[in-house]
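1. Need the 3D shape of this:
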Amino acid sequence: FRRVLFRSVKRLLAFKMICSLFSDIPHRKNSGSKSGAEDWVQTPDGKVTGRIDLLKESDAGVEIVDYKTGPLSYDASPDNPKEEYLMQVKMYAALYHAMHGEWPVKLTLVGINQESITIEVEPEGCAKLLQEAEKALDDINELIETGLKPEDFAQPSPEACKYCLFRPACSKYWESRQEDGNWPTDARGRITNKTVLANGLFRVVIATDAGEIAIRGLSPERHPFLKDEIEGAVFCNLWNEKPEGFFVEKMFTTGYALE
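-> Numbering: from 1, shown residues only. Purely as a prediction, here's the structure:
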């Protein structure tokens with residue numbers, strides 16, 4: 001309950017903070033405006049697109065502001081922002097130039113605690129990122145035309161798979177993941193025991209590739225397939241209990257029956 005309450009409070013604080021930041025910002029009157037919140041930018045051919053959180057126009061030029069819901073760096077250093085954040089805001093700069101014919105004069109990252117990092121605009125580097133993105137898209141489209149299956153494009157990693165909605169059915173994900181704490185807390189395997197507890201929730205034991213694990217607190221309303229006779233199941237986004245090998249359902253746990 002405490003974990004759920006803490007997450008709810010964080011979401012509320014984040015919402016209030018963002019509302020306060022936008023409260024004095026004039027929204028765009030038309031799509032031709034260069035200043036305002038939620039500004040859509042794209043290449044002329046529409047291959048690469050993006051939505052900028054905020055554009056601020058001044059006598060000096062345009063500033064691109066990108067809001068993040070977490071820390072801006074891994075080590076709390078303003079000199080070392082996360083690489084993915086840098087790439088994203090630089091891509092926005094290149095897309096803005098592609099759409100308006102001019103470069104922004106300033107790029108700013110803003111974290112959840114209102115910390116900010118200013119990034120110098122380097123037109124050559126930003127343009128190169130956009131060219132690489134367009135080339136990657138062309139390369140992927142060419143591979144799709146050869147008849148490759150979607151899973152052939154998968155490049156599993158803890159970072160890439162953490163928020164992927166397709167990982168429950170991705171064979172490459174299950175082949176690549178390790179039980180080292182870095183990968184998502186998921187389980188897949190044959191059900192060897194299934195019990196309805198006194199509170200009406202299920203407890204199942206699954207034989208995975210790494211050994212048997214037990215999962216408790218599984219709601220029959222969220223996982224109606226548990227009421228049926230099934231051979232196996234997949235559960236994603238579990239909470240790892242102690243001792244090792246014991247798990248419990250949490251807010252974002254999802255389950256699927258294996259046929």
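2. if I pick the nearest residue to residue 133 once chain neighbours are set aside, what's in contact with it?
-> If the residues on either side of it in the chain are set aside, residue 133 comes closest to residue 48, at 5.2 Å by Cβ to Cβ, 6 or more residues apart in numbering. Bear in mind the C-beta positions are built from the backbone N, C-alpha and C, glycine included. Neighbour list for residue 48: 42, 91, 95, 130, 133, 134, 137 [criterion: Cβ atoms under 8 Å, 6 or more residues apart in numbering].
3. so which pair among the residues you listed is furthest apart in space?
-> When these are compared pair by pair using Cβ to Cβ, the farthest-apart members prove to be 95 and 137, with a separation of 13.5 Å.
4. Please identify which of those two sits among more neighbours.
-> Neighbours were counted for residue 95 and for residue 137 using other Cβ atoms under 10 Å; residue 95 has more, 25 against 12.
5. May I have the phi/psi pair for the more buried one?
-> Dihedral pair for residue 95: phi -70, psi -40, per degrees, to the nearest 10.
6. just the one 5 residues further on next, same as before
-> Dihedral angles phi and psi of residue 100 (degrees, to the nearest 10) take the values phi -110, psi -10.
7. so what pLDDT did the residue of the chain most remote from its centre get?
-> With distances taken as Cα atoms, centre = their mean, the residue sitting farthest from the centre of the chain turns out to be residue 198, at 36.7 Å. The per-residue pLDDT reported for residue 198 equals 95.
8. what about it, which helix or strand?
-> In this assignment (DSSP states H and E), residue 198 forms part of neither any helix nor any strand.
9. Quickly note the distance from it to residue 216.
-> With distances defined as Cβ to Cβ, to the nearest Å, the gap from residue 198 to residue 216 amounts to 12 Å.
10. And the strands in the stretch 51-200 of the chain?
-> Under the criterion DSSP state E, counting those that start in this stretch, strands of the stretch 51-200 of the chain are mapped to 61-67, 106-110, 116-119, 187-196.
11. Of all the ones you listed, which one comes closest to residue 252?
-> Comparing the strands of the stretch 51-200 of the chain by Cβ to Cβ, strand 187-196 comes nearest, at 14.5 Å.
12. Parallel or antiparallel, which strands does that closest one pair with?
-> In the sheet containing strand 187-196, its partner strands are strand 202-208 (antiparallel), strand 232-236 (antiparallel), by DSSP bridges.
13. Residue 61 and residue 97 touch, don't they?
-> No - the pair formed by residue 61 and residue 97 falls short of the contact definition of Cβ atoms under 8 Å, at 11.7 Å.
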